[in-house]
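using only what follows, build the 3D model:
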Amino acid sequence: MLYSFQDLLFSISLAVYLSASVFIAVVRWGHRCEPYGRHMEYYHPAWRTFIFCFLVNLVMLPAVFMPQEPDALMHVRILMMLGSPFFCAILLFSYFGKVLKVNWWHRPVNLLVLPFALVTLLSLVLALIPGTQMEGRFVRWLVAVSGTLALLYLACFILAIRMIVRAIRRFSEENYSNPEDFPDGRFAKGVVWLSSVHLLVSWCGVFIGTQGALSITSILLAALGIVFLISALAPHRGLNVKDLEGLSGEEEPVQVIERPAPAQNPPASTVELLSKKHMDEIEVVIRRAVEQDKAYLDSHLTLASLSRHCGVNRTYISAVMSDRLGGFFNYVNRCRLDHADALRAQNPDASVEEIATASGFGTRQTYYSVKSRFGQKA
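Model (predicted):
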């Protein structure tokens, strides 16, 4: 049978996409850059899911050999419609769920896998049967079910993004007192944007539905897959290998010292070892540093710098502030707002800029931003 130019273009483009998927999966499987390769579950927590997502694309292989068949074309459209939000959602959940230690992350993943597998297998079987199976009432039913699942996967994708955004904000507020100093979470945001582009490209191709549109979509998805691979190979975790391997063994005892000392980060589990007496001692040290020594007047005060000032390791400082003082960001900025109110009462003619700068906010914009967060009128 002679193929038209569009048939050949569609077949070649899809073959490129599937070849790129296999290449990406093989590289991810074989890449064990030392010393990070000894701790794959820490530095690359979603590597198995990553491989699974790209290898599943091979179910579109029949369309490479039958580009002229309407069933094969419909099969590719269904897989792209379902696959993109499904893959993006489970990748975000599996990676950031493990990183953030969110215990429920695997539940949406488990719920997503079964219906995806059923629809995918049904579509594959019908694509392999000679003749036009996906037509009429049946194809409308199959597309309706696939569209409903795709919207469900999209909702899970949005839920994963919400989890990431909240985690970035929580991390920022636990470590920084000035909103202008908040880290931008570049890697997390990059992954979210890349996943969103992947979803947009896939659904545009599915919506148009022609061989030409799906050919362009396949090439673009192959390129995005390579970008995914490049971003996934580099470790993006906080601890270096020596520190990670040094966590094994006995937990270090809690110590509260009065002079500045280098801040340390013991395992999070040691926070549970803090007794009420230790919590009281650390709270006294914190209040003395922040309220009496007025550390809050430093507009770039961070949890790490406060830890050095107090001579208490950062994990314990964070635990006590969260448990007793409402959290680092809230506590420090309440002190700044109280200082600003006192200054305004003493100097009613002072400008907002002067009040903000003298109270540790740095700028008037930061002052207004913090007041808004606390529900106060500017």
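
now do the helix or strand that contains Tyr42, average pLDDT.
Taking DSSP states H and E as the criterion, the element that holds Tyr42 is helix 40-43. Per-residue pLDDT over helix 40-43 has a mean of 84.

so which elements touch the following helix or strand past it?
Using DSSP H and E, the next helix or strand after helix 40-43 towards the C-terminus is helix 47-55. For helix 47-55, the packing partners by 3 or more CB pairs under 8 Å, 6 or more residues apart in numbering; DSSP states H and E come out as helix 5-30, helix 70-99, helix 211-233. From N, CA and C alone the C-beta is placed, and that goes for glycine too.

which residues belonging to the helix holding Tyr42 are considered buried?
Using 16 or more other CB atoms under 10 Å as the burial criterion, the residues of helix 40-43 that qualify are Tyr43.

ditto for stretch 227-238
Going by 16+ other CB under 10 Å, stretch 227-238 has these buried residues: 228-229, 232, 235.

as a markdown table, the residues you listed with pLDDT would be great.
A markdown table is the format used below for these (pLDDT from 0 to 100):
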| residue | pLDDT |
| --- | --- |
| Phe228 | 92 |
| Leu229 | 93 |
| Ala232 | 85 |
| Pro235 | 81 |
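
how far off helix 70-99 does the lengthiest helix in the chain point, in degrees?
Taking DSSP state H as the criterion, the chain has its longest helix at helix 136-175. Per axes from the mean of the first three to the mean of the last three CA atoms, to 10 degrees, the angle that helix 136-175 makes with helix 70-99 is 20 degrees.

low-confidence bits of the stretch 51-200 of the chain, can you list those?
130-136, 183-184 (pLDDT under 70).

apply 90 and report the result again.
66, 68-72, 74, 96-112, 122-144, 163-191 (pLDDT under 90).

repeat that for the stretch 251-378 of the chain.
251-281, 299-300, 304, 309, 311-324, 326, 348, 362-366, 368-378.

can you map out the helices along it?
276-287, 303-310, 314-324, 328-346, 352-358, 364-373 (DSSP state H, counting those that start in this stretch).

buried stuff in the longest one?
When neighbours are counted by 16+ other CB under 10 Å, the buried residues of helix 328-346 are found to be 328-333, 335-337, 339-340, 343.

the last one now?
Along helix 364-373, the positions that meet the burial threshold by neighbour count (16+ other CB under 10 Å) are 364, 366-371.

could you check the angle helix 136-175 makes with that helix?
Using the same axes, to 10 degrees: helix 364-373 against helix 136-175 is 110 degrees.

that'll do, ta.
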